[in-house]
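Chemist: Please find the sequence and the predicted model below.
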Amino acid sequence: MKLKYIIFFLTIYGSLAMAQTKNPVQQANEAFKQGDFARAVEIYIQVLKEKQSAPLFVNLAHAYARLKQWPAAVKAYKDALALKDPQIKTSEIYGYLGQAEYMRHNYIKALHYLAQARQEESPGKFSLLIARCLIDLQRFHLAEDEVMEFLKVNPNDIQAGELLAHIYMQTEQPDRAADIYQGLLRQKPLEIRYFKALAQAQIAADRYDRAIDTLEMARRIIGPGSQEMDRLLADLYIQQTMPREAADCYSRIIQPLARPNPEDVYRLGYCYYQSHQWLSARQAFNLVLQLDPSHAHAALYLGHIASQKGELDAACQAYLRAAKIDKQWSEPYLSLAALQIKQKNFKQAAEYFQKALSREDFDSEQYYRYLLTLQQAGNKDQFKKILVQALSKYPQDNRWPRLLDSFVSESPE
């Protein structure tokens, strides 16, 4: 869960009342109220040159904070604090300083000021901001204590619940996080991000069926149109080896779009392929290449489909297209080699293996298949060279001695 930035609760000092002739402080406050923070800064600075005032330093700091000029805001808050004006509670300024330092990512300094601020305040007032600092410092158990302290006073606070769930996710307690998100959904039953967060917690707890139920419930409650929800649901269905259900999710994403995302269409094609819906898969992969001619994976799967259907020439052309699109990828040439092996064209298959090896290093299984093909092709010189490579890279593989014995026995005395 991405944590939200802290919200400033700022008190502007000085009257905002309208008058026929506004004094500079009124003008600055009015500029602040209207969102012209740069103008407010300019006027506050001019006024403070004539006479220092703790309330106006605070107002100046607030304006800098709205402009996200945190170092200037911190300095102005400290200037206000130095004047020790009884009109302003010291704890209030320390609280503002803590927030400003938090926004500067100075979490240790923020904790120092917040600790001073809450000495004069009611329990739990600054606990959430302190918890945020502790979270960013990865002191999760201390952060949990702060949130629990806040919840004693504010038991149904939404922000506190979100923070506590985040802490539980970070400390690998997804079941506890899921319980909190379920509680948050009872408070806000139409909040889509809580459904998503609950599903992610359930996934982290290896409760994939529950995560699917959560997202399907969200889709029924919230209605169509949530692409993010459908993508997450589709990923879950793929993980659970339910490609038809995943295809339904991607179809919902793609259907209303005049020009869908090529990657979404590719995933739809992949789901069709996994469920052996060859015609639908072929249509999807062809659409991918129309949308993005550089999509090598779509071309590769078109080759796989053609191979499944016995269309060997079409499969060969698709694999060659994939190899041409992505000049670093070995998979198209490995697929071509497999296609040639099916046709017992071992010499051609060996050539494709060598092209694949020139692009990416092989694992031991790929070396083994290449060596068997070289044996079948009768290419003993290349067999010897590749066997030496395989031995050097995977010396523990017990298949190499058998292949070597086979090579020696077939060699003329």
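Modeler: It's in. Numbers count the residues shown, from 1 in each chain.
Chemist: where's Asn398 relative to Met242, distance?
Modeler: 38 Å (Cβ to Cβ, to the nearest Å). (C-beta placed from N, C-alpha, C; glycine too.)
Chemist: neighbour count winner among the two?
Modeler: Met242 (17 against 6; other Cβ atoms under 10 Å).
Chemist: and the end-to-end length of stretch 274-283?
Modeler: Taking Cα to Cα, to the nearest Å, stretch 274-283 runs 14 Å from one end to the other.
Chemist: Can you give the distance from that stretch to the centre of its chain?
Modeler: 30 Å (Cα atoms, centre = their mean, to the nearest Å).
Chemist: what is the rounded mean pLDDT of it?
Modeler: Mean per-residue pLDDT for stretch 274-283: 96.
Chemist: same deal with stretch 402-413?
Modeler: Per-residue pLDDT over stretch 402-413 has a mean of 68.
Chemist: So, low pLDDT: which residues of the protein?
Modeler: Applying pLDDT under 70 to the chain picks out residues 1-22, 123, 224-225, 408-413.
Chemist: what residues does stretch 112-124 touch?
Modeler: 89-92, 94-95, 97-98, 101, 125-127, 129-130, 133, 149-150, 152-154 (Cβ atoms under 8 Å, 6 or more residues apart in numbering).
Chemist: and with 6 Å instead?
Modeler: Contacts with stretch 112-124, where a contact means Cβ atoms under 6 Å, 6 or more residues apart in numbering, come from 91, 94-95, 97-98, 125-126, 129-130, 149-150, 153.
Chemist: Tabulate those in a markdown table, adding columns for secondary structure.
Modeler: Formatted as a markdown table, the contacts of stretch 112-124 follow (DSSP: H, G, I helix; E, B strand; the rest coil):
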| residue | secondary structure |
| --- | --- |
| Ser91 | helix |
| Tyr94 | helix |
| Gly95 | helix |
| Leu97 | helix |
| Gly98 | helix |
| Lys125 | coil |
| Phe126 | coil |
| Leu129 | helix |
| Ile130 | helix |
| Glu149 | helix |
| Phe150 | helix |
| Val153 | helix |
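Chemist: just the helices in the stretch 51-200 of the chain please.
Modeler: Assignment of helices within the stretch 51-200 of the chain using DSSP state H, counting those that start in this stretch yields the ranges 54-66, 70-82, 90-103, 107-117, 127-136, 140-153, 158-170, 174-187, 192-204.
Chemist: And for the stretch 251-400 of the chain?
Modeler: Along the stretch 251-400 of the chain, counting by DSSP H, counting those that start in this stretch, helices occupy 262-274, 278-291, 296-308, 312-325, 331-342, 346-359, 364-377, 380-393, 399-410.
Chemist: Give the other helices and strands that the third one contacts.
Modeler: Which is helix 296-308. Judged by 3 or more Cβ pairs under 6 Å, 6 or more residues apart in numbering; DSSP states H and E, helix 296-308 is in contact with helix 278-291, helix 312-325.
Chemist: and if you look at the fifth one?
Modeler: With contacts defined as 3+ Cβ pairs under 6 Å, 6+ apart, helix 331-342 has these neighbours: helix 312-325, helix 346-359.
Chemist: JSON lines for those helices, including distance to Ile221 and mean neighbour count?
Modeler: As requested, the helices and strands packed on helix 331-342 are arranged in JSON lines below (distance: least, Cβ to Cβ, whole Å; neighbours: other Cβ atoms under 10 Å):
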{"stretch": "helix 312-325", "distance to Ile221": "42", "mean neighbour count": "18"}
{"stretch": "helix 346-359", "distance to Ile221": "49", "mean neighbour count": "20"}
